[in-house]
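Colleague: Just the structure for this:
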Amino acid sequence: AAVSHRVLGLYDTKYTSVTETQARGKMYQKFSAFALANLGIPPPDRRRRRQHHIVLIQRQHSRIIQNLAEVEAAIRAAWDDAGLGARAPTVVTAALDGMSMLEQVRLFHEATALVASEGGALDNFVYAPDGLAVVVLGRDPSKPFPVGCRVNATLSMDPFTHRRLFEALRAVSCPAFVHIEPGSEGAVDAALVASALVGLVADERCRLAGWVSQ
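Modeller: Residues are numbered from 1 along each chain as shown. Okay, the predicted model is just below:
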């Protein structure tokens with residue numbers, strides 16, 4: 001799978017033209033449909049889904065979200081305040097390290113909303129369903145790559161290394177990028193993350209594309 005992702009150019013930050021971005025988006029969608037069909041995973045049934053399913057991705061070795069429980073509580077509170085549907089969302093925390101490729105693909109494909117730190121786990125974004133709301137937590141600008149985005153004393157890279165992937169799939173997804181405070185050591189602004197996620201779910205384009213009946 002990793003080889004396939006590299007061939008697809010998921011890590012490529014060099015293409016910048018709108019035309020190429022759109023072309024890659026179509027290629028990713030075709031690859032996703034091919035992979036899902038071969039794995040025997042059917043498309044989501046929008047008519048039966050009545051509840052949002054939020055997945056929080058927790059890394060195990062670096063860029064760990066230290067206050068993940070606080071993030072979940074903030075999401076639930078913001079969700080209630082926004083009045084998003086009669087049913088509370090299901091919220092699960094997942095660590096991909098011990099999961100098979102099939103389990104990872106299914107996890108992403110069945111989610112309606114996602115929170116994850118920048119890293120290899122986001123390669124699975126190609127399997128996201130239409131309308132997936134995703135909040136991406138950037139790399140710490142005070143830390144050297146790959147933990148952070150600092151290359152040397154004077155140069156830093158984009159804290160969102162999958163930005164091009166999200167741009168290419170913008171037609172079928174709703175991303176938001178949340179920067180990490182330098183030196184935060186993995187603690188994120190829970191209220192900011194919750195606000196970003198709820199804002200995406202409430203967005204008209206996500207609602208129309210997504211597979212939850214409000």
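
Colleague: Skip ahead from whichever helix or strand Ala133 is part of and say which helix or strand is next.
Modeller: Per DSSP states H and E: Ala133 is located in strand 132-137. Moving toward the C-terminus from strand 132-137, the next helix or strand (DSSP H and E) is strand 140-144.

Colleague: helices or strands up against that next one?
Modeller: Helices and strands touching strand 140-144, as assessed by 3 or more CB pairs under 8 Å, 6 or more residues apart in numbering; DSSP states H and E, comprise strand 148-150. Yep, even glycine has a C-beta here, placed from its N, CA and C like the rest.

Colleague: avg pLDDT for the following helix or strand past the strand it packs on?
Modeller: For strand 148-150, the following helix or strand on the C-terminal side (DSSP H and E) is helix 163-168. Helix 163-168 shows a mean pLDDT of 80.

Colleague: after helix 163-168 comes which helix or strand?
Modeller: Next element after helix 163-168 (DSSP H and E): strand 173-178.

Colleague: Distance from the chain centre to stretch 143-151, please.
Modeller: Distance of stretch 143-151 from its chain centroid, counting by CA atoms, centre = their mean, to the nearest Å, is 20 Å.

Colleague: Show residues contacting that stretch.
Modeller: Surrounding stretch 143-151, the residues in contact under the criterion CB atoms under 8 Å, 6 or more residues apart in numbering are 62-63, 119, 138-142, 156-159, 161.

Colleague: got the CA coordinates for that stretch in PDB?
Modeller: Extracted as PDB, the C-alpha positions of stretch 143-151 are listed here (Å, rounded to 0.1, in the frame of the first residue of the first chain):
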ATOM      1  CA  LYS A 143      10.600  20.700  16.300                       C
ATOM      2  CA  PRO A 144      12.900  19.200  13.500                       C
ATOM      3  CA  PHE A 145      11.300  17.100  10.800                       C
ATOM      4  CA  PRO A 146       9.600  14.600  10.900                       C
ATOM      5  CA  VAL A 147       8.300  15.300  14.400                       C
ATOM      6  CA  GLY A 148       8.000  19.000  13.500                       C
ATOM      7  CA  CYS A 149       8.400  21.000  10.300                       C
ATOM      8  CA  ARG A 150      11.700  22.700  11.000                       C
ATOM      9  CA  VAL A 151      14.400  21.800   8.400                       C
END
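
Colleague: Low-confidence stretches in the chain?
Modeller: Along the chain, the parts satisfying pLDDT under 70 run over 1-18, 44-50, 85-86, 171-172, 204-214.

Colleague: which non-adjacent residue is nearest the residue nearest to the spatial centre of it?
Modeller: Centroid check for the chain by CA atoms, centre = their mean gives Val134 as the closest residue, at 4.0 Å. Spatial nearest neighbour of Val134, excluding adjacent residues (CB to CB, 6 or more residues apart in numbering): Leu114 at 4.4 Å.

Colleague: What are the phi and psi values at that neighbour?
Modeller: Backbone torsions for Leu114, taken as degrees, to the nearest 10, come to phi -150, psi 140.

Colleague: State the distance from it to Ser173.
Modeller: 9 Å (CB to CB, to the nearest Å).
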